[in-house]
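Undergrad: Here is a sequence together with a model predicted from it:
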Protein chains: 2
Amino acid sequence: MTELEALGARARQAARTLAGAGTGQKNRALRAISEALRTHAQDILAANARDCEQAAAGGMPRAMLDRLSLTPQRLSAIADAVLKVEALPDPVGERMERRTLENGLCIDKVRVPLGVVGIIYESRPNVTVDAAVLCLKAGCAAFLRGGSETIGTNIELERVMRGAVQSAGLPESCITLLHDTRRETAAEMMRLRGFIDVLIPRGGAGLIAAVVKNAAVPVIETGTGNCHVYVHEKADPDMACRIIVNAKAQRVSVCNAAETMLVDRAIAPVFLPLAARALREKGVTLRGCEQTCALVPQAVPACEDDWAREFLDYILAVRVVDGMDEALAHIERFSTGHSECIVTEDAQAAERFLRTVDCAAVYHNASTRFTDGEEFGMGAEIGISTQKLHARGPMGLRELCSYKYVVRGSGQTR
Amino acid sequence: MTELEALGARARQAARTLAGAGTGQKNRALRAISEALRTHAQDILAANARDCEQAAAGGMPRAMLDRLSLTPQRLSAIADAVLKVEALPDPVGERMERRTLENGLCIDKVRVPLGVVGIIYESRPNVTVDAAVLCLKAGCAAFLRGGSETIGTNIELERVMRGAVQSAGLPESCITLLHDTRRETAAEMMRLRGFIDVLIPRGGAGLIAAVVKNAAVPVIETGTGNCHVYVHEKADPDMACRIIVNAKAQRVSVCNAAETMLVDRAIAPVFLPLAARALREKGVTLRGCEQTCALVPQAVPACEDDWAREFLDYILAVRVVDGMDEALAHIERFSTGHSECIVTEDAQAAERFLRTVDCAAVYHNASTRFTDGEEFGMGAEIGISTQKLHARGPMGLRELCSYKYVVRGSGQTR
């Protein structure tokens, strides 16, 4: 057994204990974690300061540095978030269906934890806590591999959380962090069949592609969002403006932000100048097709790659289309299956779009920014699935569960 | 684009059309398939006779030959089964949840087809039809790769079914069979990301392991069943006898048949001779642990491998255990996550077993043979999942579906 397999075996054992733990005990562990994060704030912040210093010395750009740095306020918000997870209903043990056969056999479909959930993520240290506590509440052991830039912070967070979990009478291996951040070790983790039940990569498209390529464990792909807002010829121009400004610019670094706007030719001359002005006020640069550039002098010409890019920045690709067919074809070609939106006053056109577009969340007259576990009523989320298997869209506690059939009889045979 | 990718692209296009097709049209296609299987029975049976002849000449054993041969009766049963699928409720479009936010945004969770379903299976030609029609009813395109021994039969079945689908106004690529049965082509199919949404291997443990190892497309593992019946010290010996005889011997070649019996030491002297006699009458040989062999002279000593083997034969491994802890540990070690059973009159012991054992279907006082789509009320099944992601246990039409969130607004932004 390799060192990693030994960690995996302990996580599996912990998951087994956790699967049998009651809601009360899991909640006690969550409260203990929240409290411990506050009690040990100084140690955690000191470790984080060392990580940030080292990263800065290594030449990390300011924006990235900001993502990995913890402040007392941020840490306090993380501790608060743990209590929000505590307050969520426990999905485990819920009876999803019951069926009684003519022979008296009673078949219950009961929600059970997925088991050991592997999470591979990049530098933000809040993921270490968020992922661990969501897994814990769902009765799953968390097996975490974070980025090397925050390894000091993560080790401290793991130490504090494991202590808290143990103080609540649960095994510390409910939470396991890989201290070894070499790529080979991550690759080995992706192949830990029999120990890890599912892998959820959280991060950029490159990370996700690497996990999908190398994993032998089932993977749930998350978070790649090349989201479109399609402004139909029958759109209310003011509403369309508000929606695209919100979808693009309310927060540009997130996966549910819009990256491309498609505009019907019939409405483009009226709408595009209006939208361009509103977007410019928010600091958004347009990369347009030929027609867009003709209507909006400030737009720069888009290249073919721009249609496929997740800018995660104050940049919006804009293309004028010849009606819904062309819009649907463009979305079909470039969508990453996250969130897509149509703005129109034409109910029939809206229904056609809602029916046809194949993605996690499809919108009529609302911003794509709503694709979010909190907004969808799940509470916190572990990620947003862009695949169709198991879970689609925001993944909350229920999506960290499987089910089993519990069959009670009195001697029935076939 | 390779030849296989071109096939994949056509299947994807067909899946898109099928996802928008109504229940009426899908049912028309299913009736047309059922009818065409009868109309073209002679061609199909002739092709099958050629396959069987060739297989026999190649020295295929009689039992395997029987699995691939079609008779008029078998073909008629296959055509009947298509009509049973037609009669099942259409899962597509079903609203699973609705949520209205305070801002008026209405979020529906709606069932949608998974898309293109790849199925890799061995020789039985009924799978070609069963899988194709289940996929069709669930709005999915079927992308099939059967065994080389029945390729002539399968090509004929594909031709007949595609004609029927087309006559109902649906694209023939709703059903695609790989005519090229080389291993390299199967391996390429397992890597057709972007064309195939999920792969379901149907066959022996070797096939499933090969698919899991090579696939770049998400896989659902099915059908490996090392199922246990645990006879608890408080079992009713007669009931336990009936259950083990049924679970082992009613049909030995299926994945929900029992392969190992665990017997509490306290009840073994009374129960084992009784069970051994009843099993012997059905032609079952026992492979026992030391205690078993001491109590049942006809038992042969089991070797360590026997605990992990899916015999699929008139063989049962038997082990005497020191109570529930040892039984649970044995099951945890050797279970393939399919079906496990406890026989006991002690309700508390039963509940502990039902809660603790982590598998698709866990039984109290009933035969493991009930783990079956038909018995569970799903109608026909595409396979029995032994993994926890997406679907567990029998997979019917709903399990061939995903969902999407359909969000209707009036200009909402965040």
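TA: Happy to help now that I have it. Numbers count the residues shown, from 1 in each chain, chains lettered A, B, ... in the order given.
Undergrad: Which of the helices or strands spans the nearest residue to A:I208 once chain neighbours are set aside?
TA: In space, and not counting its chain neighbours, A:I208 is closest to A:P201: 4.8 Å by C-beta to C-beta, 6 or more residues apart in numbering or on different chains. Using the backbone N, CA and C atoms, a C-beta is placed for each residue, glycine as well. Using DSSP states H and E, A:P201 sits in strand A:198-202.
Undergrad: Likewise for A:A240?
TA: helix A:237-249.
Undergrad: Do any residues in that helix lie close to chain B?
TA: Yes - using C-beta under 8 Å from any C-beta of the partner chain, helix A:237-249 reaches chain B at A:M239, A:R242, A:I243, A:V245, A:N246, A:A247.
Undergrad: What are the structural domain limits within chain A?
TA: A:3-221+A:390-408, A:227-370 (automatic domain parsing).
Undergrad: Can I get the ones you listed in CSV including mean pLDDT, distance to B:Y230 and mean neighbour count?
TA: Output for these, formatted as CSV (pLDDT from 0 to 100; distance: least, C-beta to C-beta, whole Å; neighbours: other C-beta atoms under 10 Å in any protein chain shown):
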stretch, mean pLDDT, distance to B:Y230, mean neighbour count
domain A:3-221+A:390-408, 95, 14, 20
domain A:227-370, 97, 42, 20
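Undergrad: Just send the ones you listed back as JSON lines, with distance to B:S367 too.
TA: Below are the domains of chain A laid out as JSON lines (distance: least, C-beta to C-beta, whole Å):
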{"stretch": "domain A:3-221+A:390-408", "distance to B:S367": "10"}
{"stretch": "domain A:227-370", "distance to B:S367": "41"}
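Undergrad: Those: which one's closest to A:G379?
TA: domain A:3-221+A:390-408 (4.4 Å; C-beta to C-beta).
Undergrad: ok now that closest one, how far from the chain's centre?
TA: 13 Å (C-alpha atoms, centre = their mean, to the nearest Å).
Undergrad: Now the terminal residues of it, how far apart.
TA: One end of domain A:3-221+A:390-408 sits 41 Å from the other (C-alpha to C-alpha, to the nearest Å).
Undergrad: In the stretch 101-250 of chain A, what residue spans correspond to helices?
TA: A:126-137, A:151-167, A:183-189, A:205-214, A:237-249 (DSSP state H, counting those that start in this stretch).
Undergrad: out of these, which comes closest to A:S367?
TA: Going by C-beta to C-beta, the one of the helices of the stretch 101-250 of chain A nearest A:S367 is helix A:237-249, 4.3 Å.
Undergrad: Show me the contact partners of the closest one.
TA: A:227, A:229, A:231, A:257-258, A:261, A:267, A:270-271, A:274-275, A:278-279, A:282-284, A:314, A:316, A:341, A:343, A:365-369, B:411, B:413-414 (C-beta atoms under 8 Å, 6 or more residues apart in numbering or on different chains).
Undergrad: Check whether stretch A:380-392 comes near chain B.
TA: Yes - under the criterion of C-beta under 8 Å from any C-beta, stretch A:380-392 makes contact with chain B via A:Q387, A:K388, A:L389, A:H390, A:R392.
Undergrad: ok, now stretch A:97-117?
TA: Yes - Stretch A:97-117 reaches chain B (C-beta under 8 Å from any C-beta) through A:R99, A:L101, A:L105, A:I107, A:V112, A:L114, A:G115.
Undergrad: nearest to B:R309, of those?
TA: A:G115 (24.6 Å).
Undergrad: got the phi/psi numbers for that closest one?
TA: A:G115 adopts backbone torsions of phi 120, psi -120, taken as degrees, to the nearest 10.
Undergrad: Run through the residues that contact it.
TA: So A:G115 contacts A:R12, A:A15, A:A19, A:C140, A:A141, A:D197, A:V198, A:S402, B:D358, B:K388 (C-beta under 8 Å, 6+ apart).
Undergrad: Also A:I44?
TA: Here A:I44 is in contact with A:L37, A:L70, A:L75, A:T153, A:E156, A:L157, A:V160 (criterion: C-beta under 8 Å, 6+ apart).
Undergrad: got a list of what the nearest residue to the second one once chain neighbours are set aside touches?
TA: What sits nearest to A:L70 in space, not counting adjacent residues and going by C-beta to C-beta, 6+ apart, is A:N48, at 4.3 Å. Taking C-beta under 8 Å, 6+ apart as the contact definition, A:N48 lies against A:L68, A:S69, A:L70, A:P125, A:T150, A:G152, A:T153, A:E156.
Undergrad: now do A:G409
TA: With C-beta under 8 Å, 6+ apart, A:G409 has these contacts: A:G104, A:L105, A:C106, B:Y363, B:H364, B:N365, B:A366.
Undergrad: Which of these fall within strands?
TA: A:C106, B:Y363, B:H364, B:N365, B:A366 (DSSP state E).
Undergrad: Beta-bridge partners for the third one, please?
TA: Beta-bridge pairing for B:H364 (DSSP bridges): A:R408, B:I342.
Undergrad: Contacts only, for it.
TA: Counted by C-beta under 8 Å, 6+ apart, B:H364 has contacts A:V407, A:R408, A:G409, B:C341, B:I342, B:V343, B:T344, B:A350, B:F353, B:L354.
Undergrad: Packing partners of the strand holding A:P201?
TA: Where contact means 3 or more C-beta pairs under 8 Å, 6 or more residues apart in numbering or on different chains; DSSP states H and E, strand A:198-202 is packed against strand A:116-121, helix A:205-214.
Undergrad: Residues of the stretch 301-414 of chain A that sit close to chain B?
TA: So far as C-beta under 8 Å from any C-beta goes, the stretch 301-414 of chain A lies against chain B at A:332, A:350, A:354-356, A:358-367, A:369-371, A:375-377, A:387-390, A:392-393, A:402-414.
Undergrad: Return the subset of these lying in strands.
TA: A:361-366, A:393, A:402-412.
Undergrad: how far away is A:I44 from chain B?
TA: As for A:I44, its distance to chain B is 30 Å (criterion: C-beta to the nearest C-beta, to the nearest Å).
Undergrad: do the same with A:E290
TA: For A:E290, the distance to chain B - C-beta to the nearest C-beta - is 28 Å.
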